[in-house]
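Asks: missing the sequence, but the structure's below:
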DNA sequence: TATGAATGAGGTTTCATTCAT
DNA sequence: GATGAATGAAACCTCATTCAT
């Protein structure tokens, strides 16, 4: 019977959960999430069967948002190099500007509460980026390595780059470029 | 002068805490840690004032162990390149073989329970590695970037590398080399 | 609108708390209070945010009951002297007959857990008695002393009187009168 | 085999206990008392079998000190009235100046931890004051009441008086006199 | 469907007292 | 006798989840 009535409330819960988790960690109480989302503590469980389900759906939601922000762009380029840089910029700037989402995703990622199916689903939303990387690396130093590994290296470089962009916003553009050059040397 | 505080017990607590945290997360109960460490629930607090202190001391302990494993080596080399590779191997293999310590450290790292003093102390134990990296990068692509950033990139590459070494132990040696090459391209 | 918070339960908690505190002191466990009040240990905290709040509300409740018992009387008299005696009788007999409430109030009074606001509120419930005393003393020996002091003397005489009424119930009426006469000599 | 070695330590424990109890209530930890008294937590129990014994001995100690301060005076007077006033002054001023002892005694007095034997012993130290009161009241308004009641009234007047002396030190002398006049009217 | 009171297991920490050293 | 580590029973309070309204 599809999902419960109000999609607004569902969204409100996810948004609030993200906020509170970024501040308090995964132990942020469901009651507080509900209250700050403008619903009663009991209602949360009509939208998410339990806290674990909430975590998993939040994970997918955030992964989706990131993919959206990264991949749907006004700028389009013909060369893979330039296209990858556009994605890289989209991604790093979005992460930098969405600190609480980034933090929450990191916590969820490290948690055993996120199951494999969810992780798979999360990966798929970035498929387009993965295939671009696949294309780019074919003639590069990592052409023999599994794609998943290359993607993983990219992700770790992204996070480190964003850390520095956030800590030193004045030079964020420069850090962004530095990070991309590092990525390029890794895969090309 | 009464029973002296036993260093064995302190160690047992830290070891057990690490084990349980790697399985259950930071919410692993102090009572369970105490019991499995072979002491009474109250005794844990004669060794660590509270759970937060336990976390911080565990963090420092683990950082220290990693530094020990990475930096104290039979092999010594004259060229920075080779020396760095030795450290890299020590580090990645230790992390691969000490999964629960690695997992716990990751959880602690992401937690607000670890204070700045502790983080500083943790950093210092790896000073030797940092200075080697500093030396190596001087003529490389990242010579303009702050050392802390280069170190951060290295750490993120380490973790990604170790993930793949663990998931595919049969080819761990190859993954280890692949990772090092990536690092070398990033900083040189 | 879900189950409404039950006033019966609130009262039951206060009543039980009073009972247990009079027997065990302020360290009477909240869990025992809850259980004997017929609710679960956690529910106590939906009615009182924490033990301290419970103490303060209990204080106000008891002060209110005393005021009620003292000031609302069938008998009314025109002369201040007689009116004061009626109040005195009401008060002393109520305290004598409500031993656990008296004991509990005494413990609360000596405790730092009761805050100033609560104490103020408690005072106000006896305002009518205070103003009667104010009236009576105007031509007496303590006309120069602050009202609060006169009230304080009265209270201390009350408690001493009640102690003897309780210890020697057979002669409680006489003790009551003796006490009143002492009061009268103090303020008149 | 008599009391343990050092009487200094015993005194130190009692003094410290009094201090801490006046600040934290009867739940002041024995370990803290011991430490601040300069001995180990375990040693406290060689001087006092358990916390309850400590309470009782502290009670007697304090009662004794009060008696000493009240009854042993340079000034001596022939008329009971004047002698009683001297005692009254000694007592009220001592209580005012020894706030923590006064507070502690009050807490002990309200506690079930003090047994009847201890209370009796405490009373006896003030026997001289009681007999003076006995003498004074013989021709007064309370000549028919039991002595213990008269003493009790005096004590309650003392405490109320001291409260006001403490709260308004500038006028403590006046409050002291006011209190004594009230006492005199009560018993004479 | 929405609400929020009710539940009770579980978590961290405290503390009087004991006892090995 | 002195020490202080060890003990473990409580204590207070939180919180995911249920269910009466």
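Replies: Cool, the structure landed. Note that the structure is predicted; figures quoted are calculated from it, not measured. Numbers count the residues shown, from 1 in each chain, chains lettered A, B, ... in the order given.
Asks: Going by C-alpha atoms from here, please, whenever you check contacts or count neighbours.
Replies: Noted.
Asks: Got the domain ranges for chain A?
Replies: A:1-48, A:59-187 (automatic domain parsing).
Asks: Can you say which of those domains is nearest to chain B?
Replies: domain A:59-187 (5.1 Å; CA to the nearest CA).
Asks: near DNA strand F at all, the closest one?
Replies: No: judged by CA under 7 Å from any atom of the strand, domain A:59-187 stays clear of DNA strand F, getting no closer than 11.3 Å.
Asks: Quick check: end-to-end length of that domain?
Replies: From its first residue to its last, domain A:59-187 covers 28 Å (CA to CA, to the nearest Å).
Asks: buried set for the strand or helix carrying residue A:95?
Replies: In this structure, residue A:95 sits in helix A:80-97 according to DSSP states H and E. Applying a neighbour-count criterion of 16 or more other CA atoms under 10 Å in any protein chain shown, one finds A:83-96 buried in helix A:80-97.
Asks: Which among the domains of chain A is found nearest to residue D:56?
Replies: Evaluated over those, closeness to residue D:56 peaks at domain A:1-48, with 46.9 Å, by CA to CA.
Asks: Mind checking if that closest one is in reach of chain C?
Replies: No: using CA under 8 Å from any CA of the partner chain, domain A:1-48 never reaches chain C; the gap is at least 10.1 Å.
Asks: now that domain, how far from the centre of its chain.
Replies: Relative to its parent chain, domain A:1-48 has a centroid offset of 19 Å by CA atoms, centre = their mean, to the nearest Å.
Asks: before we move on, what about stretch A:44-64?
Replies: The chain centre lies 15 Å from the centre of stretch A:44-64; the measure is CA atoms, centre = their mean.
Asks: and that stretch, anywhere near chain B?
Replies: No: residues of stretch A:44-64 contacting chain B under CA under 8 Å from any CA: none, with a closest distance of 14.5 Å.
Asks: got the contact list for that stretch?
Replies: A:3-4, A:10, A:13-14, A:18, A:30, A:34, A:101, A:105, A:108, A:113-115, A:118-119, A:121-123, A:125 (CA atoms under 8 Å, 6 or more residues apart in numbering or on different chains).
Asks: Go through the residues you listed and flag which are in helices.
Replies: Among the contacts of stretch A:44-64, the ones falling in helices (DSSP state H) are A:10, A:13-14, A:18, A:30, A:34, A:101, A:105, A:108, A:118-119, A:121-123.
Asks: Just say helix, strand or coil for residue A:141.
Replies: Applying DSSP: H, G, I helix; E, B strand; the rest coil to residue A:141 yields a three-state assignment of coil.
Asks: measure the nearest residue to residue A:130 once chain neighbours are set aside to residue A:107 for me?
Replies: In this structure, residue A:130 finds its nearest non-sequential neighbour in residue A:151, 6.5 Å apart by CA to CA, 6 or more residues apart in numbering or on different chains. With distances taken as CA to CA, residue A:151 is found 20 Å from residue A:107.
Asks: what about the spatially closest residue to residue A:171 that is not a sequence neighbour, neighbour count?
Replies: Excluding its sequence neighbours, the residue lying closest to residue A:171 (CA to CA, 6+ apart) is residue A:165, at 6.9 Å. Around residue A:165 there are 23 other residues, counting by other CA atoms under 10 Å in any protein chain shown.
Asks: For residue A:101, see how far away residue A:165 is.
Replies: Taking CA to CA, one finds residue A:165 at 16 Å from residue A:101.
Asks: next one: residue A:75
Replies: Taking CA to CA, one finds residue A:75 at 24 Å from residue A:101.
Asks: ok, those two, which is more surrounded?
Replies: A direct count of neighbours by other CA under 10 Å for residue A:75 and residue A:101 places residue A:101 higher, at 25 against 9.
Asks: my guess is the more buried one contacts residue A:18, does it?
Replies: Yes: assessed by CA atoms under 8 Å, residue A:101 is found in contact with residue A:18 at 6.2 Å.
Asks: ends of stretch A:69-78, how far apart?
Replies: Start to finish, the residues bounding stretch A:69-78 are 19 Å apart (CA to CA).
Asks: quick one: average confidence on that stretch?
Replies: Average pLDDT, stretch A:69-78: 82.
Asks: Chain A against chain B: which residues are in contact?
Replies: A:25, A:107, A:110-111, A:142, A:149, A:152-153, A:156-157, A:160, A:164, A:182-183, A:185-187.
Asks: Quick check on those residues: which are buried?
Replies: Among the residues of chain A next to chain B, the ones that count as buried by 16+ other CA under 10 Å are A:25, A:107, A:142, A:149, A:152-153, A:156-157, A:160, A:164, A:182-183, A:185-187.
Asks: quick one: which two of those residues are the most distant?
Replies: Most distant of those, by CA to CA, are A:25 and A:142, 36.3 Å apart.
Asks: Please identify which helix or strand holds whichever residue of chain A sits closest to DNA strand E.
Replies: Residue nearest to DNA strand E within chain A (CA to the nearest atom of the strand): residue A:42, separated by 3.1 Å. Per DSSP H and E: residue A:42 is located in neither a helix nor a strand.
Asks: Look up phi and psi at it.
Replies: Main-chain dihedrals, residue A:42, degrees, to the nearest 10: phi -70, psi -40.
Asks: what's the answer for residue A:146, then?
Replies: phi -60, psi 150.
Asks: Could I get the pLDDT score of it?
Replies: For residue A:146, pLDDT reads 93.
Asks: Next: residue A:5.
Replies: pLDDT, residue A:5: 67.
Asks: what sits against residue A:66?
Replies: Residues near residue A:66 by CA under 8 Å, 6+ apart: A:91, A:94, A:95.
Asks: Check the gap between it and residue A:173 for me.
Replies: 19 Å.
Asks: check contacts around the residue nearest to residue A:171.
Replies: Going by CA under 8 Å, 6+ apart, residue A:165 touches A:96, A:171, A:172, A:173, A:175, A:176.
Asks: Can you give the contact residues for the helix holding residue A:95?
Replies: Contact with helix A:80-97 is made by A:66, A:69-71, A:75-77, A:101-102, A:129, A:132-133, A:135-136, A:158-159, A:161-163, A:165-166, A:176, A:180, as judged by CA under 8 Å, 6+ apart.
Asks: Let me know whether residue A:114 touches residue A:108 as I believe.
Replies: Yes: Residue A:114 is within contact range of residue A:108, at 6.7 Å (criterion: CA under 8 Å).
Asks: Pipe the contacts of residue A:66 into TSV and attach distance to residue D:55 and pLDDT per row.
Replies: Below are the contacts of residue A:66 laid out as TSV (distance: CA to CA, whole Å; pLDDT from 0 to 100):
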residue	distance to residue D:55	pLDDT
A:91	68	98
A:94	66	98
A:95	63	98
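Asks: Nearest spatial neighbour of residue A:152, chain-adjacent residues omitted?
Replies: Computed as CA to CA, 6+ apart, the closest residue to residue A:152 that is not its neighbour in sequence is residue B:160, at 6.4 Å.
Asks: quick one, what contacts that neighbour?
Replies: Shown in contact with residue B:160 (CA under 8 Å, 6+ apart): A:149, A:152, A:153, A:156.
Asks: Now secondary structure and pLDDT too, for these, in a markdown table please.
Replies: Shown next, in a markdown table, are these (DSSP: H, G, I helix; E, B strand; the rest coil; pLDDT from 0 to 100):
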| residue | secondary structure | pLDDT |
| --- | --- | --- |
| A:149 | helix | 95 |
| A:152 | helix | 96 |
| A:153 | helix | 97 |
| A:156 | helix | 96 |
